[in-house]
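S.K.: Here's my sequence, what's the structure:
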Amino acid sequence: MSSRHLVDAEIVPLIDLFAEIAFTPEALPALREAPMTAPTPRDDRVRHECVTVPGPAGAPDIDLHILTPANAKGPLPLIYHIHGGGYIVGKASEMVLRHQGLVAELGCALASVEYRLAPETVFPGAIEDCYAGLAWMFEHAAERGIDPERVGVMGESAGGGFAAALALLARDRREYRLAFQHLVYPMLDDRTGTLSEPHPYVGDYVWTASSNRFGWSALLGREPGGDGVSPYAAPARATDLTGLPPAFIYTGALDLFLEEDLDYARRLARAGVPVEFHLFPGAFHGFEMAAESHLAKEAGRLSLSALRRFMRL
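M.R.: Here you go, the predicted model:
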């Protein structure tokens, strides 16, 4: 059943723009060569530095792309960002220019981690990369001018899934305390798309059930939906959500991740975790790429407002 009649008119052009993109093993090399974001001019208000830091034990070093306001004063709050791409594509380096405006607007620091991609690296490689980068930022907070009391995680799609997983991992290892988790249509549940009775109106555009199965299979190294999947891979598998940092989540009503995101927000609230959740009608995955649409503008406004509260700005 098609959901086209439910799509907000302002984002309909995105349907044709992404109609020819297929996330398959055969298409993976070409997908990785294609840029994820449109060219953006460099912003002189923001400094960018790429720092190579130790990776997990026995694994390669990782790159952190660190953005700070050019006129930064005093300890800054930090957004620890994890990029999306279904666990199989994407580069932190490509997101740097996109994040300049966020850093300039909020007057915060942002570090984006270059984690290893699947299927070349299966779980737990990527989440351990993310943890190693987070650990480095905490351990070097003083010299970097970072306030360790105002560090939180942020990610979109697969990056949102990793951000939620990192919040679980940080809670359980008890080495670093996160101030917030900012999750944009997070990819949380490997079981989505494997059910016999799927939601009839989600996942028609940009990221489909077949793409989802490929992404999860690549990350897990086996078919998704089975037993024994770690919550540090698929946070929806976590049975205990108590003690997690406050959460901000939004998703689209036509996004494949609709039900897993709704359920995660509900379970966070039942576990006593402060959670702010927004559902955008007529919106599918990646709807903010229609930057001038009312949906994208409202999502941006809500996102900035939440980050300001989280970081006490």
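S.K.: Output the below-cut-off pLDDT ranges for the protein.
M.R.: Across the chain, the ranges flagged by pLDDT under 70 are 1, 36-39, 196.
S.K.: Partner strands of the lengthiest strand in it, with direction?
M.R.: Ranked by residue count under DSSP state E, the longest strand found in the chain is strand 146-156. Counting by DSSP bridges, the strands paired with strand 146-156 are strand 76-82 (parallel), strand 181-184 (parallel).
S.K.: Turn those strands into a markdown table, including distance to residue 120 and mean neighbour count.
M.R.: C-betas here are computed from N, CA, C, even on glycine. Formatted as a markdown table, these follow (distance: least, CB to CB, whole Å; neighbours: other CB atoms under 10 Å):
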| stretch | distance to residue 120 | mean neighbour count |
| --- | --- | --- |
| strand 76-82 | 18 | 26 |
| strand 181-184 | 25 | 27 |
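S.K.: Serialize these to a markdown table and add fields for distance to residue 69.
M.R.: Formatted as a markdown table, the strands paired with strand 146-156 follow (distance: least, CB to CB, whole Å):
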| stretch | distance to residue 69 |
| --- | --- |
| strand 76-82 | 8 |
| strand 181-184 | 19 |
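S.K.: Figure out which of those strands is closest to residue 8.
M.R.: Proximity to residue 8 (CB to CB) singles out strand 181-184 among the strands paired with strand 146-156, at 17.2 Å.
S.K.: Residue 126 and residue 56: what is the separation?
M.R.: 10 Å (CB to CB, to the nearest Å).
S.K.: Those two: which has the busier surroundings?
M.R.: The neighbour comparison of residue 126 against residue 56 (other CB atoms under 10 Å) goes to residue 126, with 22 against 18.
S.K.: For the nearest residue to that one once chain neighbours are set aside, give me its contacts.
M.R.: Distances taken as CB to CB, 6 or more residues apart in numbering place residue 115 nearest to residue 126, at 4.4 Å, with adjacent residues excluded. Counting by CB atoms under 8 Å, 6 or more residues apart in numbering, residue 115 touches 62, 82, 92, 125, 126, 127, 129, 130, 133, 162.
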